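Fold the following and give me the result.
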Amino acid sequence: MEHKLLIIEDEKRISRFLELELKHEGYEIIAAFDGRTGLDLVNNEKPDLIILDLMLPVMSGIEVCRRIRQSKNDVPIIMLTAKDDVSDKVMGLDMGADDYMTKPFAIEELLARVRVAIKRKIASESLMPKMLEYEKLMVNDQKRQVTYGDDIVELTKKEYELLRYLLENKNIALNREKILEKVWGYDYYGDTNVIDVYVRYLRSKIDQKYNVDMIKTVRGVGYIIYD
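The predicted model follows:
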């Protein structure tokens, strides 16, 4: 099956280079050179993966990413930027990007990340939708929606995936390396501190808001949710 990839990159030289390399790998490629056009193509062409530049004319890559996730579209997004600023990286991930690469980058690394992202997407789609729960918290995998009682809990893509993984493995102490591998993927090169950051996000949105003690720290190991 030929997968369709959308490149949203305003530097036409880079866009053309990526297009040629990805076509050589057997992908169907569509391209946009500004954020608004790119967002229209996401809605009309239904790509299997998006390579999205952070700095775009008309509409920024961050805003494009935010609107894609707001529409409940979980297409894999790899964000590109010329900046190597931690705040830009965190912002991109918070808006729902699956991965992040700083220019200049090795094309072999990008191709590897594309392959991993598509494999993960296919694997997740092959699983039957399920409902996960903890007390009044419900995770509806079919709708990709989290509720606590009658409230909808707004989570970013990574927050949702982390919560789902912890709930799928209730009563099992999960170490940070395992969580990193399963939620961020084999190709993630950051350190495990990112997990602690995202656990704090979940605790602020669920534990602290609803006065529950859901995600527990296992000292020297990682995290666990008890039944």
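
does the residue nearest to G185 when sequence neighbours are not counted sit in a helix or strand, and which one?
Leaving aside its sequence neighbours, G185 sits nearest to V116 (C-beta to C-beta, 6 or more residues apart in numbering; 5.5 Å). The way it works is simple: take the backbone N, C-alpha and C, and place the C-beta from them, glycine included. Assigned by DSSP states H and E, V116 belongs to helix 107-126.

ok, residues contacting that helix?
Helix 107-126 is contacted by residues 3, 5, 17-18, 21-22, 25, 27, 48-49, 51, 74-76, 78, 98-99, 101, 185-187 when judged by C-beta atoms under 8 Å, 6 or more residues apart in numbering.

Swap in 6 Å and give it another go.
3, 21, 49, 76, 78, 98-99, 185, 187 (C-beta atoms under 6 Å, 6 or more residues apart in numbering).

Name the next helix or strand downstream of it, please.
strand 131-134.

Parallel or antiparallel, which strands does that next one pair with?
strand 137-140 (antiparallel) (DSSP bridges).

Past the strand it pairs with, which element shows up next along the chain?
Assigned by DSSP H and E, the successor of strand 137-140 is strand 145-148.

List the buried residues of the helix or strand following that following strand.
Once strand 145-148 ends, the next helix or strand along the chain (criterion: DSSP H and E) is strand 151-153. Neighbour-count burial for strand 151-153 flags V153 (criterion: 16 or more other C-beta atoms under 10 Å).

how distant is strand 151-153 from the center of its chain?
Its chain's C-alpha centre and that of strand 151-153 lie 20 Å apart, by C-alpha atoms, centre = their mean, to the nearest Å.

Mind listing residues that contact it?
By C-beta under 6 Å, 6+ apart, strand 151-153 touches 146, 205.
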